[in-house]
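Asker: Next input, structure requested:
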Amino acid sequence: MNLFSEQKKDKKKKTIEAKEKKEGGRSTMGYVLRVRLASFFTGAATASFLGLYILYKDYKVAHESITQQVKSLHDPLDRRISALESLKQAETSQQVEATE
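Answerer: Next up, the predicted model:
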């Protein structure tokens, strides 16, 4: 009976040691998985930030370009309107002088 109980104790001890090894492996694997996920999300966030920054800069360049194009179209129109207004004003003053 003594031999049987010793074998049983050894079996339990080995089972407990095996469980501890397994659990230890799981915690290490869990740590590695957490590190990998954290690294992945950090990289994804960095890439997203850089992509948004590049898009923002591209937007600003496009906005500036369109503003310059509109301004180049607007300036000649302003000059033409001013010329027409001065002609109209000259005609109006001539009519006032003629009626006096």
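
Asker: ok, so what distance separates the spatially most central residue of the chain from residue 42?
Answerer: Nearest residue to the geometric centre of the chain (Cα atoms, centre = their mean): residue 52, 3.4 Å. Distance of residue 52 to residue 42, given as Cβ to Cβ, to the nearest Å: 16 Å. Yep, even glycine has a C-beta here, placed from its N, CA and C like the rest.

Asker: element containing residue 44?
Answerer: helix 2-99 (DSSP states H and E).

Asker: Could you list the buried residues of stretch 73-84?
Answerer: By neighbour count with 16 or more other Cβ atoms under 10 Å, stretch 73-84 contains no buried residues.

Asker: Run the chain-centre distance for that stretch.
Answerer: Between the centre of stretch 73-84 and the centre of its chain there are 42 Å (Cα atoms, centre = their mean, to the nearest Å).

Asker: mean confidence for that stretch?
Answerer: For stretch 73-84, mean pLDDT is 91.

Asker: cool, and stretch 47-60?
Answerer: 98.

Asker: Return the set of buried residues in it.
Answerer: Under 16+ other Cβ under 10 Å, stretch 47-60 has no buried positions.

Asker: for it, the distance to its chain's centre please.
Answerer: With Cα atoms, centre = their mean, you get 6 Å for stretch 47-60.

Asker: quick one on the thing from earlier: chain center to the helix holding residue 44: distance?
Answerer: 0 Å.

Asker: Summarise which helices and strands that helix is packed against.
Answerer: Helix 2-99 sits against no helix or strand, with contacts defined as 3 or more Cβ pairs under 8 Å, 6 or more residues apart in numbering; DSSP states H and E.

Asker: Tell me who's in contact with residue 34.
Answerer: Going by Cβ atoms under 8 Å, 6 or more residues apart in numbering, residue 34 touches no other residue.

Asker: Tell me the pLDDT of it.
Answerer: pLDDT at residue 34 comes out at 92.
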